[in-house]
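> got a predicted structure here, sequence first:
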Amino acid sequence: MSSSTRLSSALRAWLVEYFELVLTAAGVFISVTLTFAVLDQGTRGLALTFLVWCQGFLIWAVRRHSRLARARLIRKMRAMLQDKVNNQLTVLVGVAELKAGRGGPTRTDDVETALTAARAVSEELDSLSLESLRRWENRYARHLPRPLR
């Protein structure tokens with residue numbers, strides 16, 4: 001991968017991550033420019049102060065709403081994924097216990113191993129968050145398919 005391709009994909013990823021912030025900053029720039037172009041010298045200072053305060057509040061509100069929406073989406077996805085995976089793990093543990101109960105080739109150690117693996121997967125699902133997603137992306141970024149980068 002060439003450096004220009006990496007740079008453009010990094011720039012695209014940054015723009016996607018901070019899209020609301022970029023649009024809001026553009027709005028602030030346009031508002032400030034129009035304020036200086038239209039108003040007279042006496043009212044510029046007051047109008048500019050109010051405009052900057054108002055735009056700052058809007059930037060904060062948009063970013064906060066975006067973060068809360070992403071966190072809510074991750075909570076929902078974590079609950080769904082946890083339910084699906086726990087159902088499958090329950091089936092696996094049940095099969096292991098059935099084999100152990102019938103005196104088949106599976107031993108009690110196999111049931112304990114299955115339970116330990118099920119608990120580990122459940123704990124991993126509990127720890128899913130935006131931060132853990134970013135750590136995972138940083139670690140495995142070059143192995144991810146291009147649409148996920």
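Received it, and whenever you're ready, just let me know what you need.
> C-alpha from now on. contacts and neighbour counts both.
OK.
> tell me, what residue is most central in this protein?
Leu130 (4.0 Å; Cα atoms, centre = their mean).
> list the contacts of that residue.
For Leu130, the contacting residues are 71, 74, by Cα atoms under 8 Å, 6 or more residues apart in numbering.
> and it, how close does it get to Ile74?
According to Cα to Cα, to the nearest Å, Leu130 and Ile74 sit 8 Å apart.
> what sits against Ser2?
Taking Cα under 8 Å, 6+ apart, one finds nothing in contact with Ser2.
> give the contact list for Glu123.
No contacts exist for Glu123 under Cα under 8 Å, 6+ apart.
> next, it: secondary structure please.
Going by DSSP: H, G, I helix; E, B strand; the rest coil, the secondary structure assigned to Glu123 is helix.
> so how far is Leu15 from it?
Relative to Leu15, and taking Cα to Cα, Glu123 is found at 33 Å.
> kindly report the same for Thr49.
Taking Cα to Cα as the criterion, Thr49 is separated from Leu15 by 28 Å.
> burial of Cys54, as a residue count?
The number of residues packed around Cys54, counting by other Cα atoms under 10 Å, is 13.
> what's the answer for Leu115, then?
19.
> low-confidence regions, the chain specifically.
The model of the chain has pLDDT under 70 over residues 1, 100, 102-108, 110-111, 144, 146-149.
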